[in-house]
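Q: Below are the sequence and a predicted model; questions follow.
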Amino acid sequence: MKGSLPGELVIDRLGLRFGGVVALREVSLTHHPDEVLGIIGPNGAGKTSLINAVTGIYPPSAGSVRYRGTPLTGLSPESIVATGIARTFQHNQLCGDLTVRENVLLGCHLRLGYGVVKAALGIGPARRAERRLRGEVEPLLELLNLEHAADERAGSLPYGLQKRVEMARALALRPTTLLLDEPAAGTSDADRAALVRIIKHLRGEGSCSVVLIEHDVGLVMEVSDRVAVLDWGECIVVDTPEVIATDARVLAAYLGVDDTHADVSESA
Amino acid sequence: MTQSTSLAPPLARPRAAGRRTVLAALAVAIIAVLPLVVSPYWTTVATNAALAFAIAAPLNLLTGNAGQFSLGNAAFLVVGAYTGAYVTFTFDLELPIAMLAAAAAGALVGLIVGLPSLRLRGAYLLMSTLAAHYILVFAALKFQTSQFGAAGAIFPPLRIAGVDLSGERSMYFVIAVFAALIGLIIANIMRSGHGRALEAVKARDVAAAACGISVARAKLWVWSLTSAMIAAAGVLQAYYLGSASVEYYTLNLAITYVAMILVGGLGSLGGSLLGACFVTLVPVGVNHLSDAYGGEGGGILAYPHELQTVIYGLIIIAFVLLKPDGLIGLVRSATDRVVRVRQGR
């Protein structure tokens, strides 16, 4: 059904500038349905800016983004979410005072099905909806191994666990496309392994295609169908992981940088 | 809070539903029995505390849960009192109708006062509500002069459906029932998805939007709803006081309610209740002290009003510095300790 479309997420000559600083320059990328698209690039290459421009956090200064044929440019972040694109954040954006379960329930907000008045009266529909949604988030808590922490305050959890809560919350939106912004950064080997398992699970299940922005090149190569490389706000190449690994431009632009080189040898 | 990385089962949470029922039953019992067992003086204190709670609780939903700082409470009270007075005197309507009219006016004014919150936060938002306070009180003064005369609006003894409710005990019941309803509505909202959305708006605008929550819509409904509640309470307050006059609705009054939620505990309904009781009891305590020791040579005790202000200030500073989660935080850590001891941990 989705295969009939030329591309699910079509980014066309996207530009983003902050005053004199160019964060993105004519970035064109097509994310096909059911594929895992990895995006790598050195620090400051524009990876997070790209996600922020796509999700409406920063309105792009040039170009356009279309999702399943719908133009996203100019829409508010919450309207973009409603089209089926969910995201996680590089720096955790959880509500620290809410429990893990409540944070994941936030992802169900578009499916609440009751208004403030019904909520205020605490009558049947609101209660039933809450019970239904609590049932819906249970499998997600299980998928991300969060059941045991479900009633903990999210703010009290270790970093890696918080990242998984973010992913559970994003999945609670039932997205058709999930944008992951550095999900492995600052997490343990066990968290990383869980991440690989989850991305492969989503890929296998086919319910949701994934765009993975990540510093850990080894991880990207392991799970991606195609990899795009950003450098200085430009997309310099998009290809399969095998080709990317040997591409001269990538080696020059990216692997030549000292700290990222360490990253690659570590994860190889 | 205490066990930052521990994954031990949470304390007491699973029985939250049962605990809520017990708390609700307890509240109803206390409200019903209180005036029968205490002296008229303490019934008056309880009436004042209930009224304070009915105003502090909506403010706490706005500030504690949704993160919207406001000094507009006194202004919303006067909007309510004067809308109530106007419809009561002009159309000869009963209290419930007057309160509904006041709530409608409060909702509209709250929506407008809340508009800057779409662009401003924190101290800047606070300043915009300060401006709103002065504008609304000025408008109320003009309205007072043209409608009620210089002395303000004098409210008749309260009657509903022909029944005289102006006695101290009847007033207590009317106000306590209203306060309980406000508490119930806020409790329902807080544990609903819309309550979660408010927490998300407070914590992270960006994350709220990423969950499909319209931050603007959430801010506006919470401004509107809480202002409606405070305005409705304003009618009741005016009936209880017997009159409404602009001089009463000062910035000091607005700060009193902010003090309640800071001392009681932000974002907690129990905190609103404790804060309302505490701030209501401070003058009572100070008056006792003043009566007992404030005679000749009593120093500052001879000036109970000034002493109150000083005590409020000191208490707020103490709580903000030492116990940011307020009185309810003290209660929580105490009950957690009891549960832990009982579980043998």
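A: It's in.

Q: Give me the neighbour count for residue B:211.
A: If you count neighbours by other CB atoms under 10 Å in any protein chain shown, residue B:211 ends up with 27. In this view, the C-beta of every residue, glycine as well, is placed from N, C-alpha and C.

Q: got the domain boundaries for chain B?
A: Listed domain ranges for chain B are B:21-247, B:250-345 (source: automatic domain parsing).

Q: so of those, which one's packed in deepest?
A: Mean neighbour count (mean count of other CB atoms under 10 Å in any protein chain shown) peaks for domain B:21-247 among those, with a mean of 20.

Q: For residue A:59, which non-adjacent residue is closest in space?
A: Leaving aside its sequence neighbours, residue A:59 sits nearest to residue A:74 (CB to CB, 6 or more residues apart in numbering or on different chains; 7.0 Å).

Q: My guess is the one you found contacts residue A:60. True?
A: No - Residue A:74 lies out of contact with residue A:60 (CB atoms under 8 Å); the separation is 9.1 Å.

Q: of these two, who's got more company?
A: Between residue A:74 and residue A:60, counted using other CB under 10 Å, the more crowded position is residue A:60 (25 against 12).

Q: Quick check: the gap between that one and residue A:49.
A: 9 Å (CB to CB, to the nearest Å).

Q: overlap in contacts of these two?
A: Listed as contacting both residue A:60 and residue A:49 by CB atoms under 8 Å, 6 or more residues apart in numbering or on different chains are A:16, A:24.

Q: Quickly note the distance from the spatially most central residue of chain B to residue A:172.
A: In chain B, the residue lying closest to the centroid (CA atoms, centre = their mean) is residue B:56, at 1.1 Å. Per CB to CB, residue B:56 is found 34 Å from residue A:172.

Q: Quick check: residue A:27 is in a strand.
A: Yes - counting by DSSP: H, G, I helix; E, B strand; the rest coil, residue A:27 is found in a strand.

Q: List the contacts of it.
A: A:11, A:13, A:14, A:15, A:46, A:50, A:63, A:230, A:233, A:234, A:235 are the contacts of residue A:27 under CB under 8 Å, 6+ apart.

Q: So the fifth one is in contact with residue A:233, correct?
A: Yes - contact criterion CB under 8 Å: residue A:46 and residue A:233 qualify, at 4.2 Å.

Q: Any chance you could list residues touching both of the two?
A: With CB under 8 Å, 6+ apart as the test, residue A:46 and residue A:233 both reach A:16, A:23, A:24, A:27.

Q: residue ranges of the strands in chain B, please?
A: B:153-154, B:159-160, B:163-164, B:243-244 (DSSP state E).

Q: Nearest residue to residue B:40 in space, please, no chain neighbours.
A: Per CB to CB, 6+ apart, closest to residue B:40 is residue B:168, 5.7 Å.

Q: Roughly how far does that neighbour sit from residue A:234?
A: Using CB to CB, one obtains 77 Å as the distance from residue B:168 to residue A:234.

Q: Equivalent analysis for residue B:261, please.
A: From residue B:261 to residue A:234 the distance is 51 Å (CB to CB).

Q: Those residues of the stretch 151-268 of chain A touching chain B, which are they?
A: By the rule CB under 8 Å from any CB of the partner chain, the part of the stretch 151-268 of chain A lying against chain B is A:151, A:152, A:153, A:156, A:157, A:158, A:169, A:170, A:173.

Q: Tell me the buried residues within those residues.
A: Taking 16 or more other CB atoms under 10 Å in any protein chain shown as the criterion, what is buried in those is A:151, A:152, A:153, A:156, A:157, A:169, A:170, A:173.

Q: could the residues you listed go into TSV alongside secondary structure and pLDDT?
A: Listed next are these as TSV, based on DSSP: H, G, I helix; E, B strand; the rest coil; pLDDT from 0 to 100:
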residue	secondary structure	pLDDT
A:151	coil	91
A:152	coil	90
A:153	strand	90
A:156	helix	90
A:157	coil	89
A:169	helix	94
A:170	helix	94
A:173	coil	93
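
Q: Flag every residue of the stretch 1-150 of chain A that's near chain B.
A: A:55-57, A:76-78, A:81-82, A:86-87, A:89, A:93-98, A:102, A:105-110, A:112, A:114-116, A:119-122, A:126, A:129-130, A:133, A:148-149.

Q: just the buried members of those?
A: For the residues of the stretch 1-150 of chain A next to chain B, buried by 16+ other CB under 10 Å: A:55-57, A:77-78, A:81, A:86-87, A:89, A:93-95, A:97-98, A:102, A:105-109, A:112, A:114, A:116, A:119-120, A:122, A:126, A:129-130, A:133, A:149.

Q: Residue ranges in the stretch 201-345 of chain B under the pLDDT threshold?
A: Scanning the stretch 201-345 of chain B with the threshold set as pLDDT under 70 gives B:294-298, B:345.

Q: And for the stretch 1-150 of chain B?
A: B:1-17.

Q: One more pass at 50, please.
A: B:1-14 (pLDDT under 50).

Q: any idea where the helices of it begin and end?
A: With DSSP state H, counting those that start in this stretch, the ranges of helices along the stretch 1-150 of chain B come out as B:16-37, B:40-60, B:73-91, B:95-114, B:122-147.

Q: quick revisit: closest one of the residues of the stretch 151-268 of chain A next to chain B to chain B?
A: residue A:151 (4.2 Å; CB to the nearest CB).

Q: can you give me phi and psi for the closest one?
A: phi -100, psi 10 (degrees, to the nearest 10).

Q: Look up how far residue B:224 lies from it.
A: According to CB to CB, residue A:151 and residue B:224 sit 32 Å apart.

Q: and what of residue B:120?
A: From residue B:120 to residue B:224 the distance is 17 Å (CB to CB).

Q: So which residues of chain A form helices?
A: A:47-54, A:77-82, A:100-106, A:116-121, A:124-143, A:159-172, A:189-205, A:217-223, A:241-246, A:248-250, A:258-267 (DSSP state H).

Q: Sketch out the low-pLDDT regions of the stretch 1-150 of chain A for me.
A: Using pLDDT under 50, the stretch 1-150 of chain A drops low at A:1-6.

Q: Let me see the contact set for the closest residue to residue A:57 other than its chain neighbours.
A: Excluding its sequence neighbours, the residue lying closest to residue A:57 (CB to CB, 6+ apart) is residue A:77, at 5.8 Å. Listed by CB under 8 Å, 6+ apart, the contact set of residue A:77 reads A:55, A:56, A:57, B:206, B:209, B:210.

Q: Now that the third one has come up, it's in contact with residue B:206, right?
A: Yes - taking CB under 8 Å as the contact criterion, residue A:57 and residue B:206 are neighbours in contact, 6.4 Å apart.

Q: which of the helices of chain A is buried the deepest?
A: helix A:100-106 (a mean of 27).
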